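A.B. asks: Next input, structure requested:
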Amino acid sequence: MKVFMQTAINLAYENAFLNHGGPFGAIVVKDGKIIGMGKNEVTASNDPTAHAEVQAIRDACRYLNSFQLTDCEIYTSCEPCPMCLGAIYWARPKAVYFYNTREEAAAIGFDDALIYEQISEPLDKRLIPMKHLPIDTTKYPFELWKHSKQRVEY
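C.D. replies: Predicted structure coming up:
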């Protein structure tokens, strides 16, 4: 386990040293083998979703040709942010191991406290307006999905 954590930390260090993105790295391991790697590439790619965990999940899913990480473990240099936590739950690995805490990340400018607070706020109290906007439609996507015989459950 320590060698996998050290690999994630090394990715984070290399990324920070090269100033390629934030100081974050992550790997996905299955059966003792690294099957996915990711580093924070938010600033390098101008993609706010390019966090290390998301990148590692994408890489591992391509490798497995699956959208699930069943029987996999994720090792990450920092406690996952809310977005990465959501991606992790959707991917369904069996465990996540992290090195730095969210408090340590906040101390160097990566503070997710606002996002955690906003998630629990009612829609009308959030800083970014989020409003339900129903419209009348005859091809409602949820109805199509509900009755589809070809859908893939996840």
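A.B. asks: mind listing the helices for this protein?
C.D. replies: For the chain, the helices defined by DSSP state H cover 2-18, 42-45, 52-64, 82-91, 102-107, 113-120, 141-147.
A.B. asks: Point out the other helices and strands that the fifth one packs with.
C.D. replies: For helix 102-107, the elements it packs on are strand 72-78, judged by 3 or more C-beta pairs under 8 Å, 6 or more residues apart in numbering; DSSP states H and E. No exception for glycine: its C-beta is placed from N, CA and C like everyone else's.
A.B. asks: Averaged pLDDT, the strand it packs on. What do you get?
C.D. replies: Average pLDDT, strand 72-78: 98.
A.B. asks: Distance across stretch 32-47, terminal residue to terminal residue?
C.D. replies: 31 Å (C-alpha to C-alpha, to the nearest Å).
A.B. asks: May I see the buried residues of that stretch?
C.D. replies: Going by neighbour count (16 or more other C-beta atoms under 10 Å), the buried part of stretch 32-47 is Ile34, Ile35, Gly36, Met37, Gly38, Lys39, Asn40, Glu41, Val42.
A.B. asks: now, which of those lie within strands?
C.D. replies: Under the assignment DSSP state E, those contribute Ile34, Ile35, Gly36, Met37, Gly38, Lys39 to strands.
A.B. asks: Most widely separated two among these?
C.D. replies: Ile35 and Lys39 (15.8 Å; C-beta to C-beta).
A.B. asks: I'd like to know which elements the helix or strand of the chain with the lowest mean pLDDT is packed against.
C.D. replies: Lowest by mean pLDDT, DSSP states H and E among the helices and strands of the chain is helix 141-147, with a mean of 88. Counting contacts by 3+ C-beta pairs under 8 Å, 6+ apart, there are no secondary-structure elements packed against helix 141-147.
A.B. asks: Check what contacts that helix and list those residues.
C.D. replies: Applying C-beta atoms under 8 Å, 6 or more residues apart in numbering, the contact partners of helix 141-147 are Arg151.
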